[in-house]
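J.: Quick one, what's the 3D model for this:
(one chain, ligands or ions: 2)
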Amino acid sequence: MISLRPIIEKFLGKPILDQTAIGEFILEIQKSMLLADIPPKVVFEITNRLKSDISKDRFPSKQYIIRSLYNILKEVLGEPYQPDFRPRKIMLVGLYGSGKTTTAAKLWKYFSTRGIPTRVVSFDDERPAGKEQLKQLVRDYSEVYNPKSNEMWIIDTPGKSGEEQRYIDKLKSIRERVSPDDVWLVIGADTGKYAEKLAESFKELGITGAIITKIDGSGKAGGAFIAIRNLKIPIVFVGHGEKIDNISPYNPDDLLTKMLGFINPSQLKEVLDDLDESLEFNFETYLKQLEQMRGRNIEDILSGFGINVNVEQSMKMQDMMRKFRAMIDSMTPEERRKPEIIKSSDSRIRRIAKGAGLNELEVRNMLNKFFEAKRAFNKIKNDKGIINLLKRIKT
Ligand SMILES: Nc1nc2c(ncn2[C@@H]2O[C@H](COP(=O)(O)OP(=O)(O)O)[C@@H](O)[C@H]2O)c(=O)[nH]1
Ligand SMILES: [Mg+2]
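T.: Numbering: from 1, shown residues only. Ligands and ions are numbered 1, 2, ... in the order given. A predicted model of the protein is given here:
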């Protein structure tokens with residue numbers, strides 16, 4: 001199963017959130033989704049929506065971006081399935097080997113252990129072994145189908161072998177005999193994005209739901225889910241192992257959790273909230289941001305934030321950044337973490353000025369700019385510390 005967690009962590013670790021960082025994040029998400037066999041059309045829909053969400057906020061924070069991705073994926077993955085326990089006739093169809101017979105047995109177990117009398121019948125006359133397989137797995141195998149019965153029925157069918165149209169016609173004639181309430185398409189997770197084409201080829205049968213099997217063994221599971229969701233076919237159950245109780249009603253939250261690599265949505269929330277708190281504004285975080293800006297053009301970085309500067313302003317900024325660096329280099333680790341202690345100490349200011357090759361007035365001025373930026377930062381609580389500072393240098 002695809003996990004976007006490494007990409008998200010890398011993104012969260014970026015000291016500066018500019019257009020380059022956002023662009024790189026989106027590109028990596030795209031790449032990872034395409035590799036997980038999510039249909040390209042859907043991948044671009046997701047990232048285009050993300051881009052448009054981001055552009056709605058002039059200064060989007062990392063939290064805002066991750067939450068937006070979370071919400072978009074949640075919408076794409078659709079609603080959880082609430083099993084219907086009224087007696088129904090459920091016909092399973094799907095390719096040979098997709099897991100129909102196994103799923104028939106699993107559904108029998110699922111319903112009968114919940115007190116719903118359930119019978120299983122097989123219309124698979126092409127593979128007599130399939131009937132034997134079922135008889136071994138379920139207690140209530142029925143040799144004959146009784147359309148008038150008031151029980152739940154699970155109807156197994158042959159898989160595709162031979163020519164396409166002959167196969168579909170055969171399923172249609174079974175469908176007529178059975179008159180099912182539901183026709184569920186069983187799809188192996190390894191089908192990935194081809195699940196979409198596959199589902200189209202079964203359309204004539206009036207598919208009312210899809211079951212995705214073998215999600216335990218496929219890196220393409222995300223692709224199959226999203227391809228089916230994209231066709232607006234409800235996903236009803238999910239098979240996650242060879243054992244008879246390895247089946248669960250579809251729950252997009254589980255899937256989302258796996259995709260994002262967090263244990264559950266509330267853990268994701270915790271991670272984001274922690275991040276809010278960890279956004280300390282001090283010279284240590286500053287230094288990290290300065291490191292990231294090294295060798296890059298200030299004008300480019302700022303224009304990514306919608307701030308335009310002229311050559312003169314840009315030179316003034318470069319000069320200030322250089323002085324800030326020299327100042328931070330002359331600070332003790334404690335001073336970097338707690339800039340407040342410098343402000344009230346003439347001897348510290350003197351020492352830092354000397355170490356940085358600046359005069360004391362310059363150090364005081366720069367400290368003032370720093371605290372101004374910090375106040376603004378605390379008000380909006382985003383992570384553009386250094387950008388805030390640059391804005392202040394500009395004027
Ligand atoms: N790992 C795993 N294997 C599965 C799952 N569902 C079915 N299988 C295996 O897939 C193979 C084909 O299953 P079967 O039910 O015979 O497919 P059918 O041809 O569609 O009836 C069997 O070896 C099953 O044990 C699943 O959810 N996980
Ligand atoms: Mg079978």
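J.: Report all helices and strands that the helix or strand residue 26 falls within contacts.
T.: Assessed by DSSP states H and E, residue 26 sits inside helix 19-35. If you count contacts as 3 or more C-beta pairs under 8 Å, 6 or more residues apart in numbering; DSSP states H and E, helix 19-35 packs onto helix 5-12, helix 40-56, helix 62-77. Glycine gets a C-beta too; all of them are placed from N, C-alpha and C.
J.: what would these look like in JSON lines with mean neighbour count?
T.: Listed next are the helices and strands packed on helix 19-35 as JSON lines, based on neighbours: other C-beta atoms under 10 Å:
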{"stretch": "helix 5-12", "mean neighbour count": "17"}
{"stretch": "helix 40-56", "mean neighbour count": "15"}
{"stretch": "helix 62-77", "mean neighbour count": "18"}
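J.: out of those helices, which comes closest to residue 182?
T.: helix 62-77 (21.1 Å; C-beta to C-beta).
J.: give the contact list for the residue in the stretch 201-350 of the chain that ligand 2 sits nearest to.
T.: Nearest to ligand 2, among the residues of the stretch 201-350 of the chain, is residue 213, at 11.7 Å (C-beta to the ion). For residue 213, the contacting residues are 98-99, 102-103, 186-189, 238-239, by C-beta atoms under 8 Å, 6 or more residues apart in numbering.
J.: Report pLDDT for residue 221.
T.: At residue 221, the predicted lDDT confidence score is 75.
J.: pLDDT wise, what is the residue nearest to it when sequence neighbours are not counted at?
T.: In this structure, residue 221 finds its nearest non-sequential neighbour in residue 189, 3.9 Å apart by C-beta to C-beta, 6 or more residues apart in numbering. For residue 189, the model assigns a pLDDT of 90.
J.: so residue 189 sits right up against residue 218, yeah?
T.: Yes: assessed by C-beta atoms under 8 Å, residue 189 is found in contact with residue 218 at 3.9 Å.
J.: Compare those two (neighbour count), which wins?
T.: residue 189 (27 against 20; other C-beta atoms under 10 Å).
J.: wait, what's in contact with that one?
T.: 212-215, 217-218, 220-221, 224-225.
J.: swap in residue 291?
T.: Shown in contact with residue 291 (C-beta under 8 Å, 6+ apart): residue 15.
J.: so which strand or helix has it?
T.: With DSSP H and E as the test, residue 291 turns up in helix 283-293.
J.: And the helices and strands packed on helix 19-35: which comes nearest ligand 2?
T.: Closest of those to ligand 2 is helix 62-77, at 28.4 Å (criterion: C-beta to the ion).
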